[in-house]
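**Q** Attaching a predicted model along with its sequence, questions to come.
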Amino acid sequence: MFLGAVSGGLVALGLITTAAGVRTAFYAFALILLPTLVCVGLATFDQVLQSGIEDLGYASRIARLRGYYFQYAAEPAGYLLSVPPAERLRLRDRGRALAEVP
């Protein structure tokens, strides 16, 4: 959606430039369009950042749940892919470091 807004805005800016030349109409349109695109970009970045943080939290919880199944409930272990112990520790430490960030 953001890329569509940026490309549409830049095409519109180009069309205004060819129609009006570099005059008052171009500057007025650019002063309205460009700050709007900046706001849309910042909002998009914020949403993508929040989504990434939530996904990392979900992945950490899933890893803990899988660790529980491998340790205490061996019956479904045959249906789960095993991760090497070093990789489990690396993922666990990353999850703990993320949880400590306020």
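**A** Done, it's in.

**Q** Could you tell me which ranges of this protein sit under the pLDDT cut-off?
**A** Within the chain, the stretches with pLDDT under 70 are 20-21, 77, 79-89, 91-102.

**Q** which residues of this protein fall in helices?
**A** 2-20, 24-72, 85-100 (DSSP state H).

**Q** want to throw the ones you listed into a markdown table with mean neighbour count and distance to G78?
**A** C-beta coordinates here come from the backbone N, C-alpha and C atoms, glycine included. Shown next, in a markdown table, are the helices of the chain (neighbours: other C-beta atoms under 10 Å; distance: least, C-beta to C-beta, whole Å):
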| stretch | mean neighbour count | distance to G78 |
| --- | --- | --- |
| helix 2-20 | 12 | 44 |
| helix 24-72 | 12 | 11 |
| helix 85-100 | 12 | 18 |
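
**Q** who touches the residue nearest in space to the middle of the chain in this structure?
**A** Geometric centre of the chain, nearest residue: V48, 2.7 Å, by C-alpha atoms, centre = their mean. By C-beta atoms under 8 Å, 6 or more residues apart in numbering, no residues touch V48.

**Q** Give me the distance between it and V40.
**A** From V48 over to V40 the distance is 13 Å, taken as C-beta to C-beta, to the nearest Å.

**Q** what do you get for Y27?
**A** 21 Å.

**Q** Over to L31?
**A** 16 Å.

**Q** go on, Y68?
**A** From Y68 to V40 the distance is 42 Å (C-beta to C-beta).

**Q** ditto for A74
**A** Taking C-beta to C-beta, one finds A74 at 51 Å from V40.

**Q** for L49, same thing?
**A** In terms of C-beta to C-beta, L49 sits 15 Å off from V40.

**Q** and what of P76?
**A** From P76 to V40 the distance is 45 Å (C-beta to C-beta).

**Q** Only C-alpha atoms, please: export stretch 49-60 in PDB.
**A** Only the C-alpha atoms of stretch 49-60 are listed here, as PDB (Å, rounded to 0.1, in the frame of the first residue of the first chain):
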ATOM      1  CA  LEU A  49       8.400  -2.600  13.300                       C
ATOM      2  CA  GLN A  50       5.600  -3.600  15.700                       C
ATOM      3  CA  SER A  51       4.700  -6.600  13.600                       C
ATOM      4  CA  GLY A  52       8.300  -7.800  13.500                       C
ATOM      5  CA  ILE A  53       8.700  -7.400  17.300                       C
ATOM      6  CA  GLU A  54       5.400  -9.400  17.800                       C
ATOM      7  CA  ASP A  55       6.600 -12.100  15.400                       C
ATOM      8  CA  LEU A  56       9.900 -12.500  17.300                       C
ATOM      9  CA  GLY A  57       8.000 -12.800  20.600                       C
ATOM     10  CA  TYR A  58       5.700 -15.500  19.000                       C
ATOM     11  CA  ALA A  59       8.800 -17.300  17.700                       C
ATOM     12  CA  SER A  60      10.300 -17.300  21.200                       C
END
